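Structure for this input, please:
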Amino acid sequence: MKRLEKRTTREILWIYILKLLRHREMYAYEIRKELQENFGFSPAVVTSYVVLYRLEKEGYVKSIPRGDKKYYRITENGNKLFIQGLNYLKSIVEKLDG
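Okay, here's the model as predicted:
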């Protein structure tokens, strides 16, 4: 069960981050806090930054510097990716449940 939990949380961290950013802009530490509060897990600090960097590099999020913090905002492509990922996960659940 622990292996399944790891694969459906930390290994697809990007979908959780995109979900949070659909509601509002956030900075990296805030994202980690919200992951714990909303989804019940907290990835390693480095992991969050690596995923955010990759999402930004691929055009799914955009960073906005504000003072000493860098806020992240989901892009239109990020919204599309989130919907595709969510639909894929729903289809798996439907197949398993059916």
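
pretty sure Tyr72 is touching Leu21, no?
Yes - assessed by Cβ atoms under 8 Å, Tyr72 is found in contact with Leu21 at 6.0 Å. Where you see a C-beta, it was placed from the backbone N, CA and C, and this is true even at glycine.

Common neighbours of those two, please.
Ile31, Val61 (Cβ atoms under 8 Å, 6 or more residues apart in numbering).

residues of stretch 65-75 that come out buried?
Of all the residues in stretch 65-75, those buried under the rule 16 or more other Cβ atoms under 10 Å are Tyr71, Tyr72, Ile74, Thr75.

Sort out for me which of these are in helices.
Using DSSP state H, no member of these falls within helices.

farthest-separated two in the residues you listed?
Spatial extent of the buried residues of stretch 65-75 (Cβ to Cβ) is set by the pair Tyr71 and Thr75 at 13.4 Å.

just checking, Tyr49 touches Ile31?
No - in terms of Cβ under 8 Å, Tyr49 does not count as a neighbour of Ile31; the distance is 9.7 Å.
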